[in-house]
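# Structure, please.
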Amino acid sequence: MAARRAARAGQTHQFPGQAAKAMPYGIYDMTANTGWASTGTEHDTAAFAVASIRHWWQAVGQHEYPCARRLLITADGGSSNGYRTRGWKTQLAGLAAETGLEITVCHLPPALKQRLWPGTSKWNKVEHLLFSHITMNWRGRPLTCHEVMLQTIPATTSRTGFTVQAELDSGEVPHWRPRQ
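Numbers count the residues shown, from 1 in each chain. Coordinates of the predicted model:
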């Protein structure tokens, strides 16, 4: 599974004439060739990133992989799930404690390094196998509200059988804190 903030797929999308924003965060399950997109209404935070993974695990992952003991996450090296972000690590530790999963994160090169060495972006499966399909499906459609996004994302498919589920994250993200 790979998780990351949608860089070219939308970043922060401001709806025309509204104060509402949308920030997609995606999970691509390489084994099942499926995607999960959480669209947040608040800021791109480590808590939102981990909440997206948590929601995917609760809705899909634990049912598809009932014997799983470990979860591998490939993430980009910047933003809310960056390798230096303490909140990301703390929130993942909470998810690991909650689920009993051993979580390993492999970070892809940060965006700066991808600009310096363009070939490194090929490693990012979320960008190429999830958000590229969503972006093609969005092409030419005005994204006027969250509902339009939530209807458009699941309509995304590919010739290889790729499917996507989508959810709206209202910003009520549980913040895990270690016991004192």
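# all helices in the chain, in order from the N-terminus.
46-56, 62-64, 86-99, 111-116, 125, 132-138, 146-152 (DSSP state H).
# What's the local residue count around Q58?
When neighbours are defined as other C-beta atoms under 10 Å, Q58 has 12 of them. C-beta here means a position set from N, CA and C on the backbone, and glycine is covered the same way.
# Now do it against A155, distance only.
Separation of Q58 from A155 (C-beta to C-beta, to the nearest Å) stands at 23 Å.
# related to what we said a few turns ago, quick one: which of the helices of the chain is nearest R159?
Among the helices of the chain, the nearest to R159 by C-beta to C-beta is helix 132-138 (10.4 Å).
# Show me what that closest one is packed against.
The contact analysis (3 or more C-beta pairs under 8 Å, 6 or more residues apart in numbering; DSSP states H and E) places helix 132-138 against strand 34-40, helix 146-152.
# Could you dump the ones you listed into TSV with mean neighbour count and distance to W138 added?
TSV is the format used below for the helices and strands packed on helix 132-138 (neighbours: other C-beta atoms under 10 Å; distance: least, C-beta to C-beta, whole Å):
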stretch	mean neighbour count	distance to W138
strand 34-40	24	11
helix 146-152	16	6
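# and the closest residue to Y25 other than its chain neighbours, how many neighbours?
Closest residue to Y25 apart from its sequence neighbours, by C-beta to C-beta, 6 or more residues apart in numbering: S52 at 4.5 Å. When neighbours are counted by other C-beta under 10 Å, S52 registers 26.
# Just say which of the helices of the chain is most tucked in.
Across the helices of the chain, averaging neighbours per residue (mean count of other C-beta atoms under 10 Å) puts helix 46-56 on top, at a mean of 24.
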